[in-house]
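In: Output the structure for:
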Amino acid sequence: MGSSQKFVQIIGFETDRIDEMRALAEEGEQGLRDSADGPVRRLVLKDRNQPNRYLVVIEFDSYEEAMRNSESPETSKFAERMAALCTKPPSFTDCDVEDATTFR
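Out: Have a look, this model is predicted:
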């Protein structure tokens, strides 16, 4: 797998403390802005059919960068704090980006 292939991690979680989760995410973003191995894009989705269920799609330039980011102490601390705000453990799905199209 070459480093030119984009990589996406999808985190599914449920929480009844979304305002605290948003504040935690904003705090975490500050440290990621200057990180060479940090994500390039984050998308937060709210499930319309299941209250308190969310998906976060995080895009990296490569799998290797995502793994370096994942191994950082800051990421581990963030994940622990995030899990504490969840009503059940979050799920993680790792994906290689096969194709992407921008329509507008």
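In: Run through the helices of this structure in chain order.
Out: 18-32, 63-70, 73-84 (DSSP state H).
In: Distance from the second one to the middle of the chain?
Out: Spelled out, it's helix 63-70. Chain-centre distance of helix 63-70: 12 Å, with C-alpha atoms, centre = their mean, to the nearest Å.
In: what's the answer for stretch 48-61, then?
Out: Distance, centroid of stretch 48-61 to centroid of chain: 8 Å (C-alpha atoms, centre = their mean).
In: Identify each buried residue in that stretch, please.
Out: Across stretch 48-61, burial judged by 16 or more other C-beta atoms under 10 Å covers 53, 54, 56, 57, 58, 59, 60, 61. Where C-beta positions appear, they are placed from N, C-alpha and C, glycine not excepted.
In: Can you lay out the residues you listed as a markdown table showing pLDDT?
Out: Below are the buried residues of stretch 48-61 laid out as a markdown table (pLDDT from 0 to 100):
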| residue | pLDDT |
| --- | --- |
| 53 | 98 |
| 54 | 97 |
| 56 | 96 |
| 57 | 96 |
| 58 | 95 |
| 59 | 95 |
| 60 | 95 |
| 61 | 94 |
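In: Closest one of those to residue 18?
Out: Nearest to residue 18 out of these is residue 54 (C-beta to C-beta; 7.3 Å).
In: Now for the closest one: which residues touch it?
Out: Residue 54 sits next to 12, 13, 14, 15, 18, 21, 44, 45, 46, 47 when contact means C-beta atoms under 8 Å, 6 or more residues apart in numbering.
In: Kindly report the same for residue 17.
Out: residue 85.
In: quick one: low-confidence parts of this structure?
Out: Within the chain, the ranges that satisfy pLDDT under 70 run 1-4, 34.
In: what about 80?
Out: By pLDDT under 80, the low-scoring segments of the chain are 1-4, 30-37.
In: which residue is nearest the centroid of it?
Out: Centrality entry for the chain: nearest residue to the mean C-alpha point is residue 58, 4.1 Å, by C-alpha atoms, centre = their mean.
In: Pretty sure residue 8 is one of the things that residue touches, is it not?
Out: Yes: proximity of residue 58 to residue 8 meets the contact threshold set by C-beta atoms under 8 Å, at 6.7 Å.
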